[in-house]
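*Asks:* got a sequence here, can you model it:
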Amino acid sequence: KGKGQGNYPTIKPFSFLEETQFSNNGKPFISYVQKTKSEGGEPMHTETGYIRVRDDNGSSIIEFLVNDPTGVSSIFDGKVEENTDSKFTVKFTSTNVQCTPSAKPVTNIERSFTVEKSDTPKLSYSVAMAAMNHDM
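*Replies:* Numbering: from 1, shown residues only. Next up, the predicted model:
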């Protein structure tokens, strides 16, 4: 749980409250659920997905599949960018973005998750997207 900031060229900057959950049922994947709401408690965005690892000629690629109710489904390939005693970062780049006919056009997305390792670990992330004829 935490607070975040959002901005994009087509809208005013905004603040939000967020809850992100990762879970595992014993199978070789991690389930992902993210929900945001306004600071006043009104629902804003949600998305669900799965994270799994595949072998690519001896290298591990982290796959991330994400769906959201705005009609956008994305597939990402990711890799560990940093893994130190104090920080763990994974960066994902979309390999496929599909939109329903009613969705706003999205062509590319990048995501980065960072866990600050401490007695009280902290998760932070960023999302950048090319959409509505705007580059990332």
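*Asks:* and the helix or strand in which residue 78 is found, how far out from the chain's middle?
*Replies:* Assigned by DSSP states H and E, residue 78 belongs to strand 72-83. Put simply, strand 72-83 sits 8 Å off its chain's centre (Cα atoms, centre = their mean, to the nearest Å).
*Asks:* skip ahead from it and say which helix or strand is next.
*Replies:* strand 87-99.
*Asks:* before we move on, back to that, ok, the strand holding residue 78: who's next to it in the sheet?
*Replies:* strand 59-68 (antiparallel), strand 87-99 (antiparallel) (DSSP bridges).
*Asks:* need the ones you listed in JSON lines (columns: distance to residue 76).
*Replies:* Any C-beta I mention is one placed from the backbone N, CA and C, and that applies to glycine too. Below are the strands paired with strand 72-83 laid out as JSON lines (distance: least, Cβ to Cβ, whole Å):
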{"stretch": "strand 59-68", "distance to residue 76": "4"}
{"stretch": "strand 87-99", "distance to residue 76": "4"}
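*Asks:* kindly reformat those strands as a markdown table and extend each row with distance to residue 79, mean pLDDT and mean neighbour count.
*Replies:* Converted to a markdown table, the strands paired with strand 72-83 look like this (distance: least, Cβ to Cβ, whole Å; pLDDT from 0 to 100; neighbours: other Cβ atoms under 10 Å):
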| stretch | distance to residue 79 | mean pLDDT | mean neighbour count |
| --- | --- | --- | --- |
| strand 59-68 | 7 | 96 | 16 |
| strand 87-99 | 7 | 98 | 16 |
